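**Student:** the following block contains a protein sequence and its predicted model.
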Amino acid sequence: MHTSTSETYGTAIYTPIDENHPLRGQSPYSASKIGADKIAESYYLSFGLPVVTIRPFNTYGPRQSARAVIPTIISQALTQDKIQLGSLDPVRDLSYVKDTVQAFIKAAETEEAVGEVINVGSCKGIGIGELAETILSLMDCDKPIAVDEVRIRPMKSEVFNLVCNNKKAEEKMGWAPRHSLRDGLAKTIDFVANNPALYKSGRYAV
């Protein structure tokens, strides 16, 4: 099982993004993942190693790193006077962690998945600004959302639109997400609220 990322696609040429979408290394992270994907592919083609490459779109949930945008929004809402984020425009496809884990289990159990690259996501996009508003609404919290210039990625590096086409995952593995965004966010809010020591909301975690 090889873990890739939706970042390998770069800013979408078309959406929803299927596995035939061109790859683009818009950051050192995405470039390194593209390289890893191709190494995994080469071992399958050259040596018959039973490799499955899963490309999760943005996974979130309890225990997520403080570097990620959802825990950042929640922890700031709990402790700060305003929510400070980078660009509010990028669109992301968010999958609750239990759905992503189930996709890996399905891939490991499915012979037809061997040698394949398979996207895992919800097929629904949400802008970062709208995401922040949704979280604040679930928390019954009325705080302003501000753009912090320090948190904005370089323009050529920012991936603006990532929305998954998960048809292949459904056809090959019988997988589809089961958790709604609002339900997953509610569970994540509960975890962050009950584990404040894990999240330093006054510091920008890179």
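**Tutor:** Yep, it's here.

**Student:** so what does whichever helix in the chain runs longest touch, helix or strand wise?
**Tutor:** As assigned by DSSP state H, the longest helix anywhere in the chain is helix 28-47. Judged by 3 or more C-beta pairs under 8 Å, 6 or more residues apart in numbering; DSSP states H and E, the packing partners of helix 28-47 are strand 2-3, strand 53-56. Where you see a C-beta, it was placed from the backbone N, CA and C, and this is true even at glycine.

**Student:** residues making contact with that helix?
**Tutor:** Residues outside helix 28-47 that contact it (C-beta atoms under 8 Å, 6 or more residues apart in numbering) are 2, 4-5, 7-8, 10, 23-25, 49-51, 53, 114-115, 117, 159.

**Student:** check contacts around the most centrally placed residue in the chain.
**Tutor:** Closest residue to the average C-alpha location of the chain: residue 58 at 0.7 Å, with C-alpha atoms, centre = their mean. Residue 58 is in contact with 6, 92, 93, 94, 95, 121, 162, counting by C-beta under 8 Å, 6+ apart.

**Student:** same question, residue 88
**Tutor:** Here residue 88 is in contact with 127, 128, 129, 132, 145, 147 (criterion: C-beta under 8 Å, 6+ apart).

**Student:** closest to residue 108 among the residues you listed?
**Tutor:** Among those, residue 128 lies closest to residue 108 (C-beta to C-beta), at 32.4 Å.

**Student:** what's that closest one sitting at in phi/psi?
**Tutor:** Note on residue 128: backbone dihedrals following degrees, to the nearest 10 are phi -60, psi -40.

**Student:** and the gap between it and residue 151?
**Tutor:** Distance from residue 128 to residue 151, counting by C-beta to C-beta, to the nearest Å: 11 Å.

**Student:** pull up the overlap in contacts between those two.
**Tutor:** 85, 86.

**Student:** which one of these two is surrounded by more residues?
**Tutor:** residue 128 (19 against 14; other C-beta atoms under 10 Å).

**Student:** for that one, give its distance to residue 188.
**Tutor:** On the measure of C-beta to C-beta, residue 128 and residue 188 end up 15 Å apart.

**Student:** ditto for residue 79
**Tutor:** Where residue 188 is concerned, residue 79 sits at a distance of 16 Å (C-beta to C-beta).
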